[in-house]
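Colleague: Need coordinates for the below:
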Amino acid sequence: MWIVNIALRRPYTFIVAALLILLSTPYVLRRMPTDIFPAIDIPVVAMLWQYNGMTAKEIADRLTTSVERSMALIDGIEHSESLSYSGAAVVKVFFHPGTDIRTAIAQVMSSSNSVYRSLPTNVAPPQVIQYSAADLPLVQLGISSSVVPETDVNDFVNNIARTELQSKRGVAMTNPFGAKSRQITLDVDAPALLARGLSPADLNDTLAAQNLILPTGTVKIGSNEYDVSLNGAVASIPRLADLPVRTVNGVTTLVRDVATVRDGAAPVT
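Modeller: Below is the predicted model:
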């Protein structure tokens with residue numbers, strides 16, 4: 001009641017204060033920060049695992065289950081969610097409100113490192129990011145072309161358009177999706193491979209052992225110093241077909257004898 005008593009004793013003071021509030025309203029509204037999505041303080045850490053060539057069921061059985069089981073030792077977890085796709089898995093770990101997100105990320109990364117021994121060979125380390133319910137797209141940009149192939153459009157978006165947009169203040173981007181990314185593929189001729197006693201693993205070993213990027217250096221001859229390069233890396237895509245796979249009784253099997261080299265694109269998802 002004290003404020004009412006003051007207003008009755010000093011009516012002009014409150015009238016002037018009300019007028020000041022009214023006149024300052026346009027200025028305050030112009031300076032007021034706006035946000036379509038309010039900040040939601042629910043600590044969430046998301047992990048993206050990738051293992052190309054594995055079905056969704058195998059991803060769930062061999063990768064996602066082991067990762068979720070390893071999360072049980074982390075403190076402050078409220079619950080976890082996971083989605084298994086063909087070649088990828090997304091695991092979200094929800095923490096109780098008030099949990100320090102930096103500590104949560106460190107614990108998630110440590111737990112994911114400890115689970116590697118139970119995962120399939122050559123699984124890449126996960127992408128660990130802080131996730132928020134307010135992290136939703138406001139604008140989606142679609143890019144297409146009737147002149148250049150889709151693989152070139154994908155290169156343009158990743159290397160030029162994405163870099164240019166990322167530098168704008170207030171803009172946050174994810175990786176582009178839905179495009180055809182260039183992929184060099186060996187289409188295996190199964191009967192030819194079987195007839196020569198080979199397996200797809202032999203082709204994989206051939207590429208790993210004969211397509212190398214090696215440091216060389218320089219050589220000084222007289223007063224001149226020359227750069228030295230090695231032919232450890234295949235110079236062009238068609239030359240992959242000339243790589244030897246195995247030699248038996250003087251007969252050498254080349255990649256072209258059991259597979260076809262294709263300069264194509266990965267399946268669009």
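Colleague: nearest spatial neighbour of the residue nearest the centre of the chain, skipping sequence neighbours?
Modeller: Central residue of the chain (CA atoms, centre = their mean): residue 127, 6.2 Å from the mean position. With sequence-adjacent residues excluded and distances taken as CB to CB, 6 or more residues apart in numbering, residue 127 is closest to residue 48, at 4.3 Å. Yep, even glycine has a C-beta here, placed from its N, CA and C like the rest.
Colleague: confidence score at that neighbour?
Modeller: On pLDDT, residue 48 comes in at 89.
Colleague: Any buried residues in the strand or helix carrying it, and which?
Modeller: Using DSSP states H and E, residue 48 sits within strand 44-50. Neighbour counts over strand 44-50 (16 or more other CB atoms under 10 Å) mark 44, 45, 46, 47, 49, 50 as buried.
Colleague: For the fourth one, name its beta-bridge partners.
Modeller: Partner residues in beta bridges with residue 47, using DSSP bridges, are residue 91, residue 128.
Colleague: contacts for the next helix or strand after the strand holding residue 48?
Modeller: For strand 44-50, the following helix or strand on the C-terminal side (DSSP H and E) is helix 56-59. Identification of contacts with helix 56-59 by CB atoms under 8 Å, 6 or more residues apart in numbering yields 49, 51, 84, 85, 86, 87, 88, 89.
Colleague: Only the buried subset of those residues, as a ChimeraX command please.
Modeller: Selection of buried members from the contacts of helix 56-59 for ChimeraX, criterion 16+ other CB under 10 Å:
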select :49,51,84,85,87,88,89
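Colleague: Would you format the contacts of helix 56-59 as JSON lines with distance to residue 210 and secondary structure included?
Modeller: JSON lines is the format used below for the contacts of helix 56-59 (distance: CB to CB, whole Å; DSSP: H, G, I helix; E, B strand; the rest coil):
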{"residue": "49", "distance to residue 210": "30", "secondary structure": "strand"}
{"residue": "51", "distance to residue 210": "25", "secondary structure": "coil"}
{"residue": "84", "distance to residue 210": "35", "secondary structure": "strand"}
{"residue": "85", "distance to residue 210": "33", "secondary structure": "strand"}
{"residue": "86", "distance to residue 210": "30", "secondary structure": "coil"}
{"residue": "87", "distance to residue 210": "26", "secondary structure": "coil"}
{"residue": "88", "distance to residue 210": "30", "secondary structure": "strand"}
{"residue": "89", "distance to residue 210": "32", "secondary structure": "strand"}
